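1. This is a predicted model, with the sequence first.
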Amino acid sequence: MEQILAFSALDRHFARFLTSLSGRETPELYYAAALLSHHVAEGHVCLDLRIWERRQITTIDGRKDIYTAPKLTDWRTTLTNCPVVGKPGDFKPLILDDRCRLYLYRYWEYESLLADRIRQLVFQPSGSMIRRPDKHCLDRLFPATSGIEPDWQKMAALIACLKPFLVISGSPGTGKTTTVAGILALLLEHAPTTKLRIALTAPTGKAAARLQEAILSAKETLACEASIKACIPEKASTVHRLLGSLPGTSSFRHHQKNPLPVDIIVVDEASMMDMPLLSKLVQAMHEKTRLILVGDKNQLASVEAGAVLGDICGDFPGNLFSSEMIEEIRPYADDQFLQHVTAAETPGLHDCIIQLRKNYRFAGLSDIGKASAVVNRGEGAQLLESLSAHSCGGVDWSALPKLDELEGRLERIILNGFREYLDLIHTAGAWDDVFAAFERFRVLCALRQGPFGVVAINQRIESILEAKGLISRSRPFYCGQPVMITRNNTQLRLYNGDIGLILADPDKDGALSFFSPDGVGRYRRLFPQRLPDHETAYAMTVHKSQGSEFDRVLLLLSDTDAPLLTRELIYTGMTRARKQVHVWSDEKVFISATSRCIRRTSGLRDALWQNRS
């Protein structure tokens, strides 16, 4: 089988460096190192040599060479004998494990430390860190609900008391943040002699702001004392800020020897966490710190290395418990719960994972809920057939227009989506109203470049709005311009993914300022010239949209198929919409994308699930 690759200059330089370091010309090492570098750049944690055994590799970069990988046993023997390759536990540039997975040393270490820490949390005895909750308190915070399934939110709260590690996975609208607020109240009520120190965090500034808003809203409805509510934090931060980024380095102020002074860490949008960052977070935890990961395992994985939430959740159907855990839960549960669980023979990671199923946003026969579930099953052809045969108010699909027709097709939906917030700016509307109107609609693109990518679509949107007199473009900034930050700046407290608007500042005689909400009803302002790297944001990539919600979404896929187009990308894009999503795509590209899953190579899943019964 032939595999065509384009090695980067970095891939080849790395391969040459390791070959030189080994002291002898070894093609097996050179191509293994180049492949590993190439894979890490694509988000993989390691290189699985088994996949590449005897495969012909044709490069289309400057050298344009052809290499046929050797038989696996020969390749492994050659690499094992190289002085730059070690086994797990060795301090060598490359690590080759017993499953023929080749790692950069630092990625092997990240994965090993993360797996070890999660296993320590998983196998701590139930109830060893907090006394078992009072059933009346649990029922008060999570009152009985109607339905044929158990209340998985209540079960998540119970497990959070019994175990120091909990994963809550669920699609948008399943009440993940509401569950977290209830869990924190329950833990606080059962630790009356100590004031628990709680950290709310997320991978990006935008996701942290959303978590902050959601917790503020959710805790107001909690059935608990005001003193308990007051102990639930009202501030969320990025993981980088929580750990204390050291400018100019990849290191943090908090680490194994200087742990975080925190008792409970809640990480929202955990699907966006990359392997190195989560590994550094767990290393910075105290021995008795509790960790709660919250996210949607079906969403896009991190842009960086790994698909950590997917690896942690594994491929089991969810809500599977060991016999020991079922006995722990039995006094708090009804027969309905016992009828909906399957017992595993031994304790394990499955005891710490809850999959929320009841959807409060896409309830009943929601078009978006049904369509996203179909995409999640990889049934793209069936979905297109259904959308073509029936008119669905919440979801519609259209073929991508030709390039000379694109602006005309965009005009109506763009004017409907953005006119309200721009009119409010022109009439000096309240900032809250301006930002609320802007957040009702967004264009999401699968790619950055190309005729249907973010860069080109933003330019077309600006042309449409200017032609209608809604904006007056000037460079580098103009009134009404939405701006997304693309590089972290800890001094300015602006982070990759943060979005604000360029508006006339009444406190500066109408001069333009960058305004961004702080999550607690106030707005930060900054001279636009001080902004770190940024871009216009009428349209954004699906990756950048994670953690956001809009009333309406226009989802644009590419006109040609690409490996980046996956069912996770389409699922994530569609579920950003609360009320309506328009999908524009080539039919064959859509079907191909929904049949393709993200597959990132790592050893974390094996390390966590190898003892599963």
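-> Perfect, I can see it now.
2. So what touches stretch 67-87?
-> 18, 21-23, 26-29, 31-32, 49-50, 52-57, 59, 92-98, 100, 102, 105 (CB atoms under 8 Å, 6 or more residues apart in numbering). Backbone N, C-alpha and C define where each C-beta goes, glycine included.
3. oh sorry, the question was meant for stretch 241-261
-> 197, 199, 201, 240, 265, 280-281, 283-286, 289, 488, 490-491, 495.
4. what does stretch 344-352 give?
-> 118, 121-123, 159, 163, 165-167, 312, 314, 316, 320-325, 608-609, 611-613.
5. Give me the buried subset of those.
-> Among these, those buried by neighbour count (16 or more other CB atoms under 10 Å) are 118, 121-122, 159, 163, 165-167, 312, 314, 320-322, 325, 608-609.
6. rewinding a little: among the contacts of stretch 67-87, which lie within strands?
-> Counting by DSSP state E, the contacts of stretch 67-87 place 56, 57, 59, 94, 95, 96, 102 in strands.
7. now residue 206: how far from residue 217?
-> 17 Å (CB to CB, to the nearest Å).
8. neighbour count winner among these two?
-> The residue with more neighbours, out of residue 206 and residue 217, is residue 206; 25 against 12, by other CB atoms under 10 Å.
9. Tell me who's in contact with residue 171.
-> Contacts were defined as CB under 8 Å, 6+ apart; by that measure residue 171 touches 296, 298, 356, 359, 362, 369, 372, 575.
10. Can you select the buried ones from the contacts of stretch 241-261 in ChimeraX?
-> Those of the contacts of stretch 241-261 that count as buried under 16+ other CB under 10 Å are selected in ChimeraX with:
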select :199,201,240,265,280,281,283,284,285,289,488,495
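11. which among the contacts of stretch 241-261 gets closest to residue 397?
-> Set against residue 397, the nearest of these by CB to CB is residue 495 (34.2 Å).
12. Next, name the residue at the spatial heart of the protein.
-> residue 272 (2.3 Å; CA atoms, centre = their mean).
13. related to what we said a few turns ago, narrow the contacts of stretch 344-352 to those in strands?
-> Judged by DSSP E, strands contain the following of the contacts of stretch 344-352: 165, 166, 167, 320, 321, 322.
14. quick revisit: next, give me the two most distant ones among the ones in strands among the contacts of stretch 67-87.
-> 56 and 95 (26.3 Å).
15. neighbour count winner among those two?
-> The residue with more neighbours, out of residue 56 and residue 95, is residue 95; 24 against 13, by other CB under 10 Å.
16. residue contacts, the more buried one?
-> Shown in contact with residue 95 (CB under 8 Å, 6+ apart): 85, 86, 87, 88, 102, 103, 104, 105, 108.
17. Show me which pair in the residues you listed is furthest apart.
-> 87 and 104 (14.7 Å).
18. So those two - more neighbours on which side?
-> Ranked by neighbour count (other CB under 10 Å), residue 87 and residue 104 place residue 104 first, with 20 against 11.
19. Please report the distance of residue 348 from residue 286.
-> For residue 348, the distance to residue 286 - CB to CB - is 24 Å.
20. just the helices in the stretch 251-400 of the chain please.
-> 275-283, 308-313, 323-329, 335-339, 367-376, 380-389 (DSSP state H, counting those that start in this stretch).
21. Would you reformat those helices as CSV and include distance to residue 411?
-> What follows is the helices of the stretch 251-400 of the chain, written out as CSV (distance: least, CB to CB, whole Å):
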stretch, distance to residue 411
helix 275-283, 41
helix 308-313, 39
helix 323-329, 56
helix 335-339, 53
helix 367-376, 25
helix 380-389, 23
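22. hey, which of the ones you listed is tucked in deepest?
-> Across those, the average number of neighbours (mean count of other CB atoms under 10 Å) peaks for helix 308-313, which reaches a mean of 26.
23. What mean pLDDT does that one get?
-> Computed over helix 308-313, the mean pLDDT rounds to 89.
24. other SSEs contacting it?
-> Under the contact criterion of 3 or more CB pairs under 8 Å, 6 or more residues apart in numbering; DSSP states H and E, helix 308-313 touches strand 165-169, strand 290-295, strand 353-355, helix 604-609.
25. what's the closest of the ones you listed to residue 537?
-> Of all the helices and strands packed on helix 308-313, it is strand 290-295 that lies closest to residue 537, at 23.3 Å by CB to CB.
26. The closest one: which residues count as buried?
-> In strand 290-295, counting by 16+ other CB under 10 Å, buried: 290, 291, 292, 293, 294, 295.
27. same check, this time on stretch 396-408
-> Within stretch 396-408, the residues scored as buried using 16+ other CB under 10 Å are 397, 400, 406.
28. Give me the neighbour count for residue 173.
-> Counted with other CB under 10 Å, residue 173 comes out at 19.
29. just checking, residue 30 touches residue 16?
-> Yes. The criterion here is CB atoms under 8 Å, and residue 30 meets it with residue 16 at 7.3 Å.
30. neighbour count winner among the two?
-> Taking other CB under 10 Å, residue 30 and residue 16 do not tie; residue 30 has more neighbours (18 against 13).
31. Pull out the CA atoms of stretch 261-270 and give them to me as PDB.
-> The C-alpha trace of stretch 261-270 is given here as PDB (Å, rounded to 0.1, in the frame of the first residue of the first chain):
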ATOM      1  CA  PRO A 261      -3.800  25.200  46.700                       C
ATOM      2  CA  VAL A 262      -7.100  23.800  45.600                       C
ATOM      3  CA  ASP A 263      -9.300  21.000  46.900                       C
ATOM      4  CA  ILE A 264     -11.600  20.600  43.800                       C
ATOM      5  CA  ILE A 265     -10.800  21.300  40.200                       C
ATOM      6  CA  VAL A 266     -13.600  21.500  37.600                       C
ATOM      7  CA  VAL A 267     -12.400  21.500  33.900                       C
ATOM      8  CA  ASP A 268     -15.100  22.400  31.400                       C
ATOM      9  CA  GLU A 269     -14.900  21.700  27.700                       C
ATOM     10  CA  ALA A 270     -12.500  18.900  28.500                       C
END
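32. residue boundaries of the strands in the stretch 101-250 of the chain?
-> 101-104, 165-169, 198-202, 236-238 (DSSP state E, counting those that start in this stretch).
33. just checking, what packs against the first one?
-> In other words, strand 101-104. Secondary elements touching strand 101-104 (3+ CB pairs under 8 Å, 6+ apart): helix 27-41, strand 47-48, strand 94-96.
34. now the shortest one, how far from the chain's geometric center?
-> How far strand 47-48 lies from its chain's middle: 23 Å, per CA atoms, centre = their mean, to the nearest Å.
35. and what of the last one?
-> Strand 94-96 sits 28 Å away from the centroid of its parent chain (CA atoms, centre = their mean).
36. Repeat that for the first one.
-> The offset between the C-alpha centroid of helix 27-41 and the centroid of the whole chain comes to 27 Å, using CA atoms, centre = their mean.
37. For residue 331, the count of nearby residues, please.
-> Applying other CB under 10 Å, I find that residue 331 has 9 neighbouring residues.
38. Make sure it is actually in contact with residue 133.
-> No. Residue 331 lies out of contact with residue 133 (CB under 8 Å); the separation is 10.4 Å.
39. Out of the strands of the stretch 101-250 of the chain, flag the one nearest residue 596.
-> Taking the strands of the stretch 101-250 of the chain one by one with CB to CB, strand 165-169 is closest: 21.3 Å.
40. who does the closest one pair up with?
-> Strand 165-169 sits in its sheet next to strand 290-295 (parallel), strand 353-355 (parallel), going by DSSP bridges.
41. what does the helix ranked longest in the chain rub up against?
-> The residue-count maximum for a helix in the chain (DSSP state H) belongs to helix 403-426. Contacts to helix 403-426, defined as CB under 8 Å, 6+ apart, come from residues 401, 429-430, 433-435, 437-438, 440-443, 451-452, 457, 460-461, 463-465, 468, 470-471, 479-480, 503, 538, 552, 554, 582.
42. Just the mean pLDDT for stretch 515-530, thanks.
-> The model assigns stretch 515-530 a mean pLDDT of 80.
43. That one: which residues count as buried?
-> 515, 516, 517, 519, 523, 528.
44. Between all of those residues, which two are separated the most?
-> Farthest apart among these by CB to CB are 519 and 528. That separation is 21.3 Å.
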